[in-house]
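# Have a look at this fold, sequence not included:
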Ligand SMILES: Nc1nc2c(ncn2[C@@H]2O[C@H](COP(=O)(O)OP(=O)(O)OP(=O)(O)O)[C@@H](O)[C@H]2O)c(=O)[nH]1
């Protein structure tokens, strides 16, 4: 029999430990083991949790790195060791505040540990105050964890919100009702599918996070609004691409730092395999539309163009995107970067662009043909698989204005040839590199 697992995700200080302690001290009816992954030398969270868990089960601490990347092997050994040598009937995992929940969950879905465990829920705790400040007012981010690489906090926050089945909006005591309404709406904009709770000091009913069986790897991986928008777009003729139209990674894996290096085909429900499997919320007769139906008054659409973007104008345009755009994610075809597919990930006011891999069109003939034979690539006679394809998510977004802004970046015949004329180009052009705009 497998042991059910809840992965409790959330950025630093969101209130995970507070919630965990509250749940553990309640009458939950389980023999719980807890695995805490702190990054610091002083294992404060583990201490707090240990006091609670002593009565009922085991606590395991992993403190020398992040279990979603550098410590995967150690993590796997620890959970297998737990399963083999200890008595418990539920596992709670609190990854570090910089861990991505998807690779953590994957260890239980696809790794050796999957023999012993079954993910019941990936629950993400969000600090309502900080979410509002980050996404509504574009407030200054605190970078209190140096191991987060160069990823903005806003993106780490959205990682958790986008990959979960249950969302706990915590610290509601620190926002006004109007602010909470906005937080709820913005979260719904990026993650329409998860079950949502609102709380202060992590007070939830244990049954809301333990044993819910809400987790479905494919559904969760496809639940983010940007993913739904891209899938819908492709399914309705925006492209015949199979979601892997270049030789690099999916924009899901938006991180080029060494520790969080993307790994193809490594996520639960990996999109290279499942691009068209999940529900697209089709509307009959809606095939001209490039977006899923509005959810909670939220707009989402996909901007797609083949022609390359002028690098300087694009960098300026990204900075000028209206604040109504909460999230944008997808590929960029940038002039002067004809070899490399770039992924853009915008979370709140922060935008990060990284090299995702090579465009298939830039590969030597033999490789190119092999790729094209292996997958149904959306191919253009002039540009091959190169294209800009961005899912744009927000509230009351002036779509025409965004399209006009992005169209103004398209390279024209009047522009100098960026491949030959040494145009200033802020975009990255080597594997594993990224810039923030
Ligand atoms: N005002 C307020 N403070 C809270 C709430 N929930 C937690 N806190 C406080 O916020 C701080 C961080 O809470 P933790 O539970 O340690 O957060 P965490 O997510 O475990 O943090 P890390 O383990 O550092 O990633 C603590 O001082 C908590 O007492 C809440 O709902 N309202």
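Yep, it's here. Being a predicted model, the structure only gives us computed values, none of them experimental.
# rest of the way, CA atoms for contacts and neighbours
Will do.
# Lowest average confidence across helices and strands of the protein, where is it?
Least confident helix or strand of the chain, by mean pLDDT, DSSP states H and E, is helix 271-274 with a mean of 31.
# Could you tell me how many residues sit around residue 75?
Other residues lying near residue 75 total 22 when counted by other C-alpha atoms under 10 Å.
# Could I get the average pLDDT for whichever helix or strand it is part of?
Under the criterion of DSSP states H and E, residue 75 resides in helix 72-85. Averaging pLDDT along helix 72-85 yields 83.
# How far does it sit from its chain's centre?
Chain-centre distance of helix 72-85: 26 Å, with C-alpha atoms, centre = their mean, to the nearest Å.
# Can you list the helices and strands that the helix or strand just after that helix packs against?
Using DSSP H and E, the helix or strand that follows helix 72-85 in sequence is strand 90-94. With contacts taken as 3 or more C-alpha pairs under 8 Å, 6 or more residues apart in numbering; DSSP states H and E, strand 90-94 sits against strand 3-9, strand 32-36.
# tilt between the longest one and strand 90-94?
Read that as strand 3-9. Relative orientation of strand 3-9 and strand 90-94, computed by axes from the mean of the first three to the mean of the last three C-alpha atoms, to 10 degrees: 20 degrees.
# tell me the SS of residue 299?
strand (DSSP: H, G, I helix; E, B strand; the rest coil).
# Pretty sure it sits against residue 396.
Yes: counting by C-alpha atoms under 8 Å, residue 299 touches residue 396, with 6.5 Å between them.
# Comparing those two, which residue is more hemmed in?
Per other C-alpha under 10 Å, whichever of residue 299 and residue 396 has more neighbours is residue 299, with 23 against 12.
# Can you tell me how far that one is from residue 178?
Applying C-alpha to C-alpha, to the nearest Å, the value for residue 299 to residue 178 is 20 Å.
# For stretch 95-107, give the mean pLDDT please.
Averaged across stretch 95-107, the pLDDT comes to 84.
# wait, what's in contact with the spatially most central residue of the chain?
Nearest to the mean C-alpha position of the chain, by C-alpha atoms, centre = their mean, lies residue 159 at 3.4 Å. For residue 159, the contacting residues are 100-101, by C-alpha atoms under 8 Å, 6 or more residues apart in numbering.
# Provide the secondary structure category for it.
Under three-state DSSP, residue 159 comes out as helix.
# quick one on the thing from earlier: how about the helices and strands packed on strand 90-94 in CSV, adding mean neighbour count?
Putting the helices and strands packed on strand 90-94 into CSV (neighbours: other C-alpha atoms under 10 Å) gives the following:
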stretch, mean neighbour count
strand 3-9, 25
strand 32-36, 24
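# In JSON lines: those strands, plus distance to residue 326 and mean pLDDT.
Shown next, in JSON lines, are those (distance: least, C-alpha to C-alpha, whole Å; pLDDT from 0 to 100):
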{"stretch": "strand 3-9", "distance to residue 326": "21", "mean pLDDT": "95"}
{"stretch": "strand 32-36", "distance to residue 326": "31", "mean pLDDT": "87"}
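# Adding distance to residue 188, write those out as CSV.
Below are the helices and strands packed on strand 90-94 laid out as CSV (distance: least, C-alpha to C-alpha, whole Å):
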stretch, distance to residue 188
strand 3-9, 17
strand 32-36, 28
